[in-house]
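In: Any chance you could fold what I've pasted below:
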Amino acid sequence: MQSSTEEDYLKAIYKLNVVDDAASTNSIAKVLDTKASSVSDMIKKLSEKKLVNYVKYKGVSLSTTGERIALMVIRKHRLWESFLVDKLNFKWDEIHEIAEQLEHIDSPELVDKLDEHLGFPSHDPHGDPIPNKNGEFSQNNHIILSEVKTGETATIKGVLEHSSEFLQYLESIPLLIGSSVKIIESYTFDSSLKIEIDGQRELMISNAVANNLNASLTKT
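Out: Below you'll find the predicted structure:
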C-alpha cells in the first residue's frame with residue numbers, strides 16, 4: 001500500500017509523462033511545490049518499490065504498476081469532484097483541494113459505488129476524462145481554443161488551468177463548458193481574441209485564457 005505522498009508523486013509523474021516520456025526531477029518538484037532533493041529521495045523509494053523507472057540524465061517514467069495506481073488516484077479525484085458538484089452543489093472552483101484529500105481513501109468498493117451513484121460519468125466538472133475501474137478512459141480529440149481560426153466556431157469542452165482564480169474568472173464572464181465560441185478576430189500584437197459567445201455577446205480574451213481552454217470545432 002502506498003502513502004498519500006507516494007500517490008501524489010505517481011499522479012504528478014503520470015500527468016508529466018502525458019507531455020514527455022520522462023519527467024525531470026525539476027519538473028516534478030515544480031508540480032508538487034517541493035525541493036528537487038526531496039524528489040530525488042522519493043524517486044529512489046518509488047524505484048525500489050518498482051513503481052517508477054529512472055534513467056539518469058533522462059528522467060522518470062511510471063512502471064505498469066505505477067501507472068495503474070496513478071490512474072486509480074486520478075479516477076477517485078475526478079469522481080469525487082463530480083460528486084461534490086453534482087450532489088453537494090459545490091462550485092467548480094471550490095472542489096480541487098477537497099478532492100485532493102478524498103482521493104487517498106483506499107476503498108475500491110466505495111469508489112465503484114460512487115461511480116454507479118453518479119451514473120458512470122465520462123468527464124469531471126472541469127472536462128477531464130474519468131478512468132473506469134480498469135483504468136481506461138476516452139481520449140479527447142480536442143484542440144486549444146487559441147488554435148481555432150478566425151471565422152470558425154467551437155464548443156468549450158474543458159479547462160487546462162484548475163486554479164480558483166481562473167475558474168472564477170470564467171464564471172464572471174461567463175465562459176463555461178458547453179459554451180459555443182466563434183472567433184471574430186485574432187490580434188497579432190498579443191494573440192488576444194475577440195470572440196462571440198453563444199451567438200449573443202462579444203468579448204475580448206487574452207492568449208493566456210485561450211491557451212487554457214479545450215474546445216472541439218463545430219461541424220458545419
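
In: drop to CA atoms for contacts and neighbour counts, all remaining ones
Out: Noted.

In: how about the nearest residue to Asp115, chain neighbours excluded?
Out: Excluding the flanking residues, the one nearest Asp115 by C-alpha to C-alpha, 6 or more residues apart in numbering is Leu79, at 6.6 Å.

In: Repeat that for Lys35.
Out: Ala29 (5.7 Å).

In: what's the answer for Lys50, then?
Out: Distance criterion C-alpha to C-alpha, 6+ apart; nearest residue to Lys50, sequence neighbours excluded, is Ser63 at 6.8 Å.

In: Could you pull up the contacting residues of that neighbour?
Out: Applying C-alpha atoms under 8 Å, 6 or more residues apart in numbering to Ser63 gives the contacts 50-53.

In: how much space between the residue nearest to Asp115 and Ile130?
Out: Look at Leu79 and Ile130: by C-alpha to C-alpha, to the nearest Å, they are 7 Å apart.

In: and those two? which has more neighbours close in?
Out: The neighbour comparison of Leu79 against Ile130 (other C-alpha atoms under 10 Å) goes to Leu79, with 29 against 25.

In: What strand or helix carries that one?
Out: Element membership of Leu79, judged by DSSP states H and E, is helix 64-86.

In: If we go by neighbour counts, what in the helix or strand following that helix is buried?
Out: Going down the chain from helix 64-86, the next helix or strand is helix 96-102, by DSSP H and E. For helix 96-102, burial by neighbour count (16 or more other C-alpha atoms under 10 Å) applies to 96, 99-100, 102.

In: repeat for stretch 181-190
Out: Buried residues in stretch 181-190, counted by 16+ other C-alpha under 10 Å: 181-186.

In: quick one: which of those residues sit in strands?
Out: Those of the buried residues of stretch 181-190 mapping onto strands are 181-186, per DSSP state E.

In: okay if I get the residues you listed as a markdown table plus pLDDT?
Out: Putting these into a markdown table (pLDDT from 0 to 100) gives the following:
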| residue | pLDDT |
| --- | --- |
| Val181 | 97 |
| Lys182 | 97 |
| Ile183 | 97 |
| Ile184 | 97 |
| Glu185 | 96 |
| Ser186 | 96 |
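
In: Looking at the buried residues of stretch 181-190, which is nearest Ser206?
Out: Nearest to Ser206, judged by C-alpha to C-alpha, of the buried residues of stretch 181-190 is Ser186 at 10.1 Å.

In: Phe25 reaches Tyr57, doesn't it?
Out: Small correction: residue 25 is Thr, not Phe. No - using C-alpha atoms under 8 Å as the test, Thr25 is too far from Tyr57 to be in contact (9.8 Å).

In: Between the two, tell me which one has more neighbours.
Out: Thr25 (20 against 9).

In: circling back to that earlier point, and of the buried residues of helix 96-102, the nearest to Lys194?
Out: When the buried residues of helix 96-102 are compared for distance to Lys194 (C-alpha to C-alpha), His96 wins out at 30.1 Å.

In: Now do the same for that closest one: its pLDDT.
Out: If you check His96, the pLDDT there is 94.

In: Same check on Lys58?
Out: 85.

In: Look at it and say how many residues are nearby.
Out: Lys58, neighbours per other C-alpha under 10 Å, totals 12.
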